[in-house]
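Trainee: sequence and predicted structure, then a few things I'm wondering about:
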Amino acid sequence: MSGRISGWVLGILSVGVLAFGVLHFSDLESFGQMLRQAQPLWLLAAVGLQVITYMSVSLGWKLVLDKAGSPLGLTRLIPVAISKLFADAIIPAAGMGGNVVLVDRLVKLGGPRGAAVAALLITMIGYYAAFAIFALLMLLMLWLHGKATPLLVGIVTAFLLVALAIPSLALWLRRRGSHPLSPFLEHIPIVHSLLHVVGEAPAKLLADRSLLAGVAACNATIFLVDAATLQVCLFALGHPTGYSTAFIALMGASILAALAPIPMGLGSFEAGSTAMLSLLGIPVPAALAGTLLLRGFTLWLPLLPGLMHPLPAIRQRRHRGWSGMDCLLR
């Protein structure tokens, strides 16, 4: 079952790479222009901050694996974080492809499947817990700035409902385990497979409150560091701004991207960040430039190493006499 899941995902990656590059080539060109205009020392600072984000997400997985008795070092988990980002960007399945890649890679590194699935589910819960808290904090900060409009309150409220629903659905799927699905779901291969996989997460790990808090803290760090990266990007382009402004813009853009039915929030994130920065007094050209530079560091640059990590798995399966695309067609 797991081979069919990972084969489906890895087989479609090669097709997604081409489509992704063609559709977003103009964004890559914009990122190149921003790099040429930016101050090098600030760019180095942005790179350093992004390294911290990959360490943070990897640390969250490590906490779960350590608790499950299957420890893995950060140096082995950071490449997995890059691979997951790559799959999330390439496969337009609301992050589902990246989640499958995560479980597949953790198992290949020697972790039990139950622990790998637990790492996925607990990270999801921790991520949305941190996201929801920071969304409320952003709304409070906007109110203090006198910018908390009814529209923004409505958007944050809608997001909070989503942030509650997604972890709840994940936990429901775990409890459901391998019970029969409805005929409709049975005809969706990847959904059918994932519903069986998530049931393998040990209940004792999901009930560990200290573990959930630790993973949530790791995910909170990612938001805080991404906001600092946006601030540094604006500094690099000669438009210094306060951290609170960058934080509000980052969270507003992340909320809009989470609600938009677009992989990785492409377009919606940029629009949200630019709008929030403009609302807080940053000129639109500077806001857009800083946002594009941020997206370059958080999305475009990691795609190249992310491309390299799934490929060995694809070749390995082809040596066995079948490919991921064959699995997709079965």
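Mentor: It's in. As the structure is a prediction and not an experimental result, all values here were calculated from the model.
Trainee: from here on, contacts and neighbour counts on C-alpha atoms
Mentor: Noted.
Trainee: mind checking the longest helix of the protein?
Mentor: Determined from DSSP state H, the single longest helix within the chain is helix 113-144.
Trainee: average pLDDT across it?
Mentor: For helix 113-144, the mean pLDDT works out to 91.
Trainee: helices or strands up against that helix?
Mentor: For helix 113-144, the contact count by 3 or more C-alpha pairs under 8 Å, 6 or more residues apart in numbering; DSSP states H and E identifies helix 40-67, helix 96-108, helix 150-176, helix 189-198, helix 203-206, helix 209-236, helix 243-259 as packing neighbours.
Trainee: let's see it at 6 Å
Mentor: When contacts are defined as 3 or more C-alpha pairs under 6 Å, 6 or more residues apart in numbering; DSSP states H and E, helix 113-144 packs onto helix 96-108, helix 209-236.
Trainee: in CSV, list these along with mean pLDDT and distance to residue 299.
Mentor: Output for the helices and strands packed on helix 113-144, formatted as CSV (pLDDT from 0 to 100; distance: least, C-alpha to C-alpha, whole Å):
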stretch, mean pLDDT, distance to residue 299
helix 96-108, 77, 14
helix 209-236, 95, 12
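Trainee: same list (these) but as JSON lines, adding distance to residue 134 and mean neighbour count.
Mentor: Formatted as JSON lines, the helices and strands packed on helix 113-144 follow (distance: least, C-alpha to C-alpha, whole Å; neighbours: other C-alpha atoms under 10 Å):
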{"stretch": "helix 96-108", "distance to residue 134": "23", "mean neighbour count": "22"}
{"stretch": "helix 209-236", "distance to residue 134": "8", "mean neighbour count": "22"}
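Trainee: tell me which of those helices sits nearest to residue 301.
Mentor: Closest to residue 301 of the helices and strands packed on helix 113-144, according to C-alpha to C-alpha: helix 209-236, at 14.0 Å.
Trainee: tell me where the model's unsure across the stretch 151-300 of the chain.
Mentor: The stretch 151-300 of the chain contains residues with pLDDT under 70 at 170, 173-201, 261-266.
Trainee: one more pass at 80, please.
Mentor: Counting by pLDDT under 80, the stretch 151-300 of the chain has low-confidence residues at 166-203, 260-267, 299-300.
Trainee: can I get the helices and strands packed on helix 113-144 in TSV with distance to residue 64?
Mentor: TSV is the format used below for those (distance: least, C-alpha to C-alpha, whole Å):
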stretch	distance to residue 64
helix 96-108	12
helix 209-236	7
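Trainee: so which of the ones you listed is nearest residue 159?
Mentor: Closest of the helices and strands packed on helix 113-144 to residue 159 is helix 209-236, at 15.9 Å (criterion: C-alpha to C-alpha).
Trainee: and that closest one with helix 40-67, angle?
Mentor: Between helix 209-236 and helix 40-67, the angle comes out at 170 degrees (axes from the mean of the first three to the mean of the last three C-alpha atoms, to 10 degrees).
Trainee: what comes up buried for the longest helix of the chain?
Mentor: 113-132, 134-136, 138-139, 141-142 (16 or more other C-alpha atoms under 10 Å).
Trainee: could you do stretch 48-67 as well?
Mentor: Applying 16+ other C-alpha under 10 Å to stretch 48-67 flags 49-50, 53-65 as buried.
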